[in-house]
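Chemist: Fold the following for me, if possible:
(one chain, ligands or ions: 1)
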Amino acid sequence: MQVLISYHSDYGNTEKMAQSIAAGIRAGCSSANVMLKNVEQTSLNDLQDADVICLGAPVHMGDVSWQMKKFIDEAGKLWMEGALEGKVGAAFVSGGGFGNAGGGAEHALITLHSNMLEHGMLVIGFPKSLLGYGEGGLQWGPYGRSGNAEGMPSVVSEGALAACRSFGAHLAEMAGKILQF
Ligand SMILES: Cc1cc2nc3c(=O)[nH]c(=O)nc-3n(C[C@H](O)[C@H](O)[C@H](O)COP(=O)(O)O)c2cc1C
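Modeler: Numbers count the residues shown, from 1 in each chain. Next up, the predicted model:
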């Protein structure tokens, strides 16, 4: 099973989440070949070669960062060809969460899901029964909050990274069932 995890990260939080999801996938499926790439180094061929595509971004002004949106728009070429139909998709985001209101994390996750569904992909969410959901889960996927309660910059918690690992294992299991690996 070829898995692509493509992420954008300015300050390392989304990158840490990507690494934890990769560790979870490897733990959940020993035969998974996981490619971890910054979105600015990700090509359309990488998308086409993957069976499972997991996209992650920081929340910027209530949605995904422009670097991720740029890549999404460039991948519109593959929509024309139907090249991603039937692939398994998943999403994760990191945000400061200012004001304890999520700061647009849900919206950013839905942006990623919506685009995957537009391509005809099969999207895997984050069931609340999984380990770590309480600290690092939203029903759409892992959310790592990097701002503290006072709204000051901090880093994603170990609990959120544990949620990423359990999500990765779940994603590998679900993809294995769907794609019959
Ligand atoms: C330009 C900009 C806009 C941001 N807008 C939001 C926002 O709307 N909501 C939010 O929760 N966090 C916002 N943040 C905070 C980042 O999402 C947060 O620091 C995130 O953890 C950064 O991830 P990274 O370390 O992978 O770059 C913003 C940060 C920047 C630089």
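
Chemist: Quick one: name the residues of the chain near the ligand.
Modeler: 9-15, 58-62, 94-98, 103-104, 146 (CB under 6 Å from any ligand atom). The C-beta positions use only the backbone N, C-alpha and C, and glycine is treated the same way.

Chemist: Could you turn the buried ones of those into a ChimeraX selection?
Modeler: Restricted to buried positions by 16 or more other CB atoms under 10 Å, the ChimeraX selection for the residues of the chain next to the ligand reads:
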select :9,13,14,15,58,59,60,94,95,96,97,103,104,146
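
Chemist: mind listing which of the residues of the chain next to the ligand are in strands?
Modeler: P58, V59, H60, S94, G95 (DSSP state E).

Chemist: quick one: which of the residues you listed is nearest S114?
Modeler: Using CB to CB, V59 comes nearest to S114 of those, at 15.3 Å.

Chemist: ok, and the closest non-adjacent residue to the closest one?
Modeler: In this structure, V59 finds its nearest non-sequential neighbour in G95, 3.4 Å apart by CB to CB, 6 or more residues apart in numbering.

Chemist: wait, doesn't that neighbour sit right on L109?
Modeler: No. The pair G95 and L109 fails to qualify as a contact (CB atoms under 8 Å) at a distance of 10.0 Å.

Chemist: Overlap in contacts, those two.
Modeler: Y143 (CB atoms under 8 Å, 6 or more residues apart in numbering).

Chemist: any chance of the ones in strands among the residues of the chain next to the ligand in CSV, plus distance to G28?
Modeler: Listed next are these as CSV, based on distance: CB to CB, whole Å:
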residue, distance to G28
P58, 25
V59, 27
H60, 30
S94, 22
G95, 26
